[in-house]
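# A structural model of the following input is requested.
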Amino acid sequence: MLVVGVWSSVLNDSNFLVAGVESAESTLKLSQLVELGGKRGARIAVAERQRDVAAGAVELRQAALAAATARAFVAVLAAQEQLRLAERLRDLGEEAVAAVAAQLRAGGASEANVLRVRVLRDEAGLVLVRREQELAAARVELAALWGGGDPAFTRAGGDLWAVAPPPQLPPLLERVDAAPELALWQRELASRASAVDVERAGAIPDLLVGAGPRYFSDTGDVALVAEVTLPLPVFDRRQGAIAAAQAHLATGEAERRAAVVALRTAITRAHTALVAGYSVATALHQRVLPDADETLTVSREAYRRGTLRLDELHDAQRALSDLRSREVEVLASYHQTAAELTRLVGGTVDGSALPGEVMP
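Residues are numbered from 1 along each chain as shown. Sure, this is the predicted structure:
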């Protein structure tokens, strides 16, 4: 900092009677503040750390947006599959109504049977409407996350059944320190530590160095004047500001430790849900659904032999459809949990990749 000052003084005679100006002097002085204690470097370090914090916050938001987009994409895939199942169930209801009505005309069914299958068909129609609404909402949400308005695609393509065994928990917990959330905390702590350095540097007084010419009007002489000023911080040593910055740093360290515990808990919870989802999906695919398929096959044979009523066959078909709907829910939950786990650890997780695309 450069300071320019002009001073003028008037000297009177010893009798303090002013009849005119006996002598006058004018001084032009240039002053430069010399910062000590590394103040400038400390301020630059704070600015750089704050820039790092801002960049880390952006990265964290981007990771959260990517996870939300992945979950929304899975929701669209699941809604499409649920709609397909609802359409199939509605079609089966229509077929059942037509068949029972034909049996009624032939005297092989009662009016009660016709009414019952009509109720089942109408119920399937209501489910279909709900599934259509769910798909429309899922498409709008996905388009919004992509920054668009109305969805510019008609269908999303992807394989919900592409699941892999979940990874082990210990390797995931080992990645906690490098997770985006904790990486941001590391940058925040570095910024707060730099703020402590700034306050400590501020406790060191600065030098004020000045020099300039002094002009004596009575003699016409010119002299060079120089001065060095060093304040003595007797009463203001910035102890309060230093203590406040240190307390802010200590609070941040405590908050980071709490964030570590919370993150480990969230990872453990997500991993548990991922393992459970994989187990249920595997059981449905390998045991439950094959048994339900076989039950439906046996029921169809019994219906053709006349030992099973059509409404009972329809019940078997509904049971299989409900199980397939449950499988879609489990698979969607699995992939969405995998996306959340990927966000938490800040990298890919085995079983989390779900390749897909949207069709215009």
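
# all strands for this structure, in order.
Counting by DSSP state E, the chain has strands at residues 2-11, 23-34, 155-158, 207-216, 222-229, 356-359.

# and stretch 202-217, how far from the chain's centre?
Offset of stretch 202-217 from its chain centre (Cα atoms, centre = their mean, to the nearest Å): 54 Å.

# got it, and stretch 66-86?
Between the centre of stretch 66-86 and the centre of its chain there are 20 Å (Cα atoms, centre = their mean).

# Can you pull out the low-pLDDT segments for the stretch 201-350 of the chain?
233-236, 350 (pLDDT under 70).

# just the helices in it please.
Assigned by DSSP state H, counting those that start in this stretch, the stretch 201-350 of the chain shows helices spanning 239-283, 289-305, 310-345.

# Quick check: which helices or strands does the longest one pack against?
Put plainly, it is helix 239-283. Packing contacts for helix 239-283, counted by 3 or more Cβ pairs under 8 Å, 6 or more residues apart in numbering; DSSP states H and E, involve helix 169-174, helix 180-202, helix 310-345. Bear in mind the C-beta positions are built from the backbone N, C-alpha and C, glycine included.

# what's the closest of those to residue 125?
Among the helices and strands packed on helix 239-283, helix 310-345 comes nearest to residue 125, with 13.5 Å by Cβ to Cβ.

# And that closest one, what's buried?
310-311, 313-314, 316-318, 320-321, 323-325, 327-345 (16 or more other Cβ atoms under 10 Å).

# For that helix, enumerate the helices and strands it packs against.
Judged by 3+ Cβ pairs under 8 Å, 6+ apart, helix 310-345 is in contact with helix 39-105, helix 111-145, helix 239-283, helix 289-305.

# go again using 10 Å as the cut-off
Counting by 3 or more Cβ pairs under 10 Å, 6 or more residues apart in numbering; DSSP states H and E, the packing neighbours recorded for helix 310-345 are helix 39-105, helix 111-145, helix 169-174, helix 180-202, helix 239-283, helix 289-305.

# mind checking which of those helices is nearest residue 160?
For the helices and strands packed on helix 310-345, proximity to residue 160 was assessed by Cβ to Cβ; helix 39-105 is nearest, at 5.4 Å.

# next one: that closest one to chain centre, how far?
Chain-centre distance of helix 39-105: 14 Å, with Cα atoms, centre = their mean.

# With stretch 212-219 instead?
Between the centre of stretch 212-219 and the centre of its chain there are 70 Å (Cα atoms, centre = their mean).

# Now it - C-alpha only, CSV.
Provided in CSV are the C-alpha atoms of stretch 212-219 (Å, rounded to 0.1, in the frame of the first residue of the first chain):
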residue,chain,number,x,y,z
GLY,A,212,10.2,12.3,0.9
PRO,A,213,11.6,15.8,0.5
ARG,A,214,11.1,18.6,3.0
TYR,A,215,11.2,22.2,1.7
PHE,A,216,12.2,25.2,3.9
SER,A,217,10.7,28.4,2.6
ASP,A,218,12.8,30.9,4.5
THR,A,219,16.1,29.5,3.3
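
# May I see the helices of the stretch 201-350 of the chain arranged in a markdown table, with distance to residue 126 as well?
Below are the helices of the stretch 201-350 of the chain laid out as a markdown table (distance: least, Cβ to Cβ, whole Å):
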| stretch | distance to residue 126 |
| --- | --- |
| helix 239-283 | 27 |
| helix 289-305 | 23 |
| helix 310-345 | 14 |
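
# Of all those, which one is nearest residue 69?
helix 310-345 (8.6 Å).

# How about the residue most central in space within the chain, nearest residue that isn't a chain neighbour?
Residue closest to the mean C-alpha point of the chain, counted by Cα atoms, centre = their mean, is residue 64 at 2.5 Å. Leaving aside its chain neighbours, residue 64 sits nearest to residue 343 (6.3 Å; criterion: Cβ to Cβ, 6 or more residues apart in numbering).

# Which residues are in contact with the residue nearest to residue 319 when sequence neighbours are not counted?
The shortest distance from residue 319 to any non-neighbouring residue, by Cβ to Cβ, 6+ apart, is to residue 292 (6.4 Å). Residues near residue 292 by Cβ atoms under 10 Å, 6 or more residues apart in numbering: 284, 316, 317, 319, 320, 321, 322, 323, 324.

# swap in residue 137?
Going by Cβ under 10 Å, 6+ apart, residue 137 touches 75, 76, 79.

# residue contacts, the first one?
Looking back up the chat, that one is residue 75. 134, 135, 137, 138, 139, 141, 142, 156, 332, 335, 336.

# let's see it at 8 Å
If you count contacts by Cβ atoms under 8 Å, 6 or more residues apart in numbering, residue 75 has them with 138, 141, 142, 332, 336.

# what's the burial count for the second one?
So the one you mean is residue 141. Counted with other Cβ atoms under 10 Å, residues neighbouring residue 141 total 18.

# do the same with the third one
Counted with other Cβ under 10 Å, residues neighbouring residue 142 total 23.

# Relative to residue 205, how far out is residue 228?
Separation of residue 228 from residue 205 (Cβ to Cβ, to the nearest Å) stands at 12 Å.

# Looking at the contacts of residue 75, spot the one nearest residue 38.
Scanning the contacts of residue 75 for proximity to residue 38, where the rule is Cβ to Cβ, the winner is residue 336, at 50.4 Å.

# how close does that closest one sit to residue 123?
The value you get for residue 336 to residue 123, if Cβ to Cβ is used, is 28 Å.

# quick revisit: among the contacts of residue 137, which one lies nearest to residue 165?
Proximity of the contacts of residue 137 to residue 165 (Cβ to Cβ) peaks at residue 75, which lies at 23.5 Å.
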